[in-house]
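1. Quick check, what structure comes out for this input:
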Amino acid sequence: MKLAFVLFEYFPYGGLQRDMLAIAREAQSRGQEVTVFTRAWHGAPEPGLAVETLPVHDGMNHVRDDRFARQVRDRLAGFDSVVGFNKMPGLDWYYAADGCLAARYRGVRRWLSRYRDKLAKEAAVFGADAATRILSISPPQRALYQRHYGTADERFVDLPPGIRRDRIPPEDYASRRQRLRAGLGLAEDTPMLLFVGSGFRTKGLDRAIALLPDLPERIPLYVVGDDNPAPYLRRARRLGVRDRVHFMGGQDNVAEWLWSADLLLHPAYAENTGTVLLEAAVAGLPVLTTPVCGYAPYIERANMGKVSAEPSATDVKALMATSRDQWRQRGRAFAESADIYHLVRHAVDAIERHPRKSS
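-> Purely as a prediction, here's the structure:
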């Protein structure tokens, strides 16, 4: 099969982008031919993957999105299936990593041009008269799409999570934990808070920083992710905790950060799934998160932290009072029993079953 994968921009530390790359690699391993179309590719080229960049430089974001979508439509003849990782017309499949905009955009906002445009792209995918099939990764978001658009059940393929098994602690994890912490100047008994993710605003970094003034002064927060730190540094300075917040940028060794920390803070305002919640759980790291995350119920069922609409310093203290050994034991049990690894395989299975000629 010749597959076209389409997304607005690629950057190496985005969850959507990592999923796209993993699905592309799996398809290639099965002998499928994959071409990625994007308006910008940030980072190193992916060996063996065909990438066609269609730059669009002028206009606001939604205008650039429109121009890119029009350009890419002219390149899609001859492909057996077109898989979109952003909402746009003309897709055979949409990988539903983003939440339902129709549920969020209300009142006058819906009539502003940028929001009208985004809603039109969403309707082109989910509208009752559309033909696009959906790779669904969040049951709550699927329910919202169906409520607002009347999308037929048979157009959805529900995927399990797709957690990487390399997040499970290996035999030498303790020495790797010690090495990373030593590089940060942290003693083994110094509590360490971790925030992982690009997209600081929606993932609630401001909330995480706001917890620090009510915690013991020696507890630092390390932020691993690719975004603009400036407004959060200003917030930390206003709260008197600037010296306790450390921005580490995007990192390739996320697993080692999970093994080295003592609590993951993920107080998101909006999160379709929250893959990092499950990555932390299988790493034996407790999680403090919010119920808006699609994967938050896994944390509750595995007893791997707390889900709270208003995370507090009291929650942090309570979770950190439980020993690391207990968290590791719970994480190991969760990693061994939960069906959380096969998203990529099931996604490619579905794409192969329904090429364009049978849509």
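2. pLDDT score for G107?
-> Here the pLDDT value assigned to G107 is 82.
3. repeat for F126
-> 98.
4. Run a quick neighbour tally on it.
-> 26 (other CB atoms under 10 Å). Glycine gets a C-beta too; all of them are placed from N, C-alpha and C.
5. what does the one 3 residues further on give?
-> Here the neighbour count serves as a burial measure; for D129 (other CB under 10 Å) it reads 8.
6. And for the residue nearest to L239 when sequence neighbours are not counted, the neighbour number?
-> Counting by CB to CB, 6 or more residues apart in numbering, the nearest residue to L239 once its immediate chain neighbours are dropped is P213, at 5.3 Å. Using other CB under 10 Å, P213 has 13 neighbouring residues.
7. My guess is P213 contacts G240. True?
-> Yes - counting by CB atoms under 8 Å, P213 touches G240, with 6.4 Å between them.
8. Quickly note the distance from the residue nearest to T35 when sequence neighbours are not counted to L3.
-> Distance criterion CB to CB, 6+ apart; nearest residue to T35, sequence neighbours excluded, is A50 at 4.4 Å. Using CB to CB, to the nearest Å, A50 is found at 10 Å from L3.
9. shared neighbours of the two, anything?
-> Common neighbours of A50 and L3 (criterion: CB atoms under 8 Å, 6 or more residues apart in numbering): 33-35.
10. From those residues, list just the buried residues.
-> 34-35 (16 or more other CB atoms under 10 Å).
11. just for the stretch 251-359 of the chain, where's the confidence low?
-> Along the stretch 251-359 of the chain, the parts satisfying pLDDT under 70 run over 357-359.
12. If we use 90, what do you get?
-> By pLDDT under 90, the low-scoring segments of the stretch 251-359 of the chain are 270, 272, 354-359.
13. need the helices for this structure, in chain order.
-> 15-29, 61-73, 113-126, 139-149, 173-184, 205-211, 230-238, 254-260, 275-282, 296-302, 313-321, 324-337, 343-353 (DSSP state H).
14. Single out the most deeply packed of the ones you listed.
-> Most buried of the helices of the chain, by mean neighbour count (mean count of other CB atoms under 10 Å): helix 275-282, with a mean of 28.
15. same for that one, what does it pack against?
-> strand 193-196, helix 254-260, strand 263-266, strand 287-289, helix 296-302, helix 324-337 (3 or more CB pairs under 8 Å, 6 or more residues apart in numbering; DSSP states H and E).
16. Tell me how far it lies from the chain's centre.
-> Put simply, helix 275-282 sits 11 Å off its chain's centre (CA atoms, centre = their mean, to the nearest Å).
17. Off-centre distance for stretch 188-198?
-> 19 Å.
18. Buried ones in it, by neighbour count?
-> Within stretch 188-198, the residues scored as buried using 16+ other CB under 10 Å are 191-198.
19. the domain parsing of the protein - what is it?
-> 2-160+342-358, 165-337 (automatic domain parsing).
20. Could I get the contacting residues of K306?
-> Contacts of K306 (CB under 8 Å, 6+ apart): 287-289, 299, 315, 318-319.
21. repeat for D92
-> 81-83, 131-133, 354, 356, 359.
22. same thing with P220?
-> Neighbours of P220 in contact, by CB under 8 Å, 6+ apart: 186, 190, 192-193, 244-246.
23. and if you look at I168?
-> Residues near I168 by CB under 8 Å, 6+ apart: 282-283, 332, 335.
24. pLDDT score for it?
-> 96.
25. coming back round to it: now compare the contacts of P220 and name the two farthest from each other.
-> For the contacts of P220, the farthest-apart pair by CB to CB is T190 and V245; their separation is 15.3 Å.
26. how much space between the closest residue in space to P140 that isn't next to it in sequence and A333?
-> In space, and not counting its chain neighbours, P140 is closest to G294: 5.8 Å by CB to CB, 6+ apart. Computed as CB to CB, the G294 to A333 distance reads 22 Å.
27. Kindly report the same for D226.
-> If you go by CB to CB, the gap between D226 and A333 works out to 33 Å.
28. mind listing what P160 touches?
-> 339-343, 346.
29. One more: E256?
-> Neighbours of E256 in contact, by CB under 8 Å, 6+ apart: 176-177, 180.
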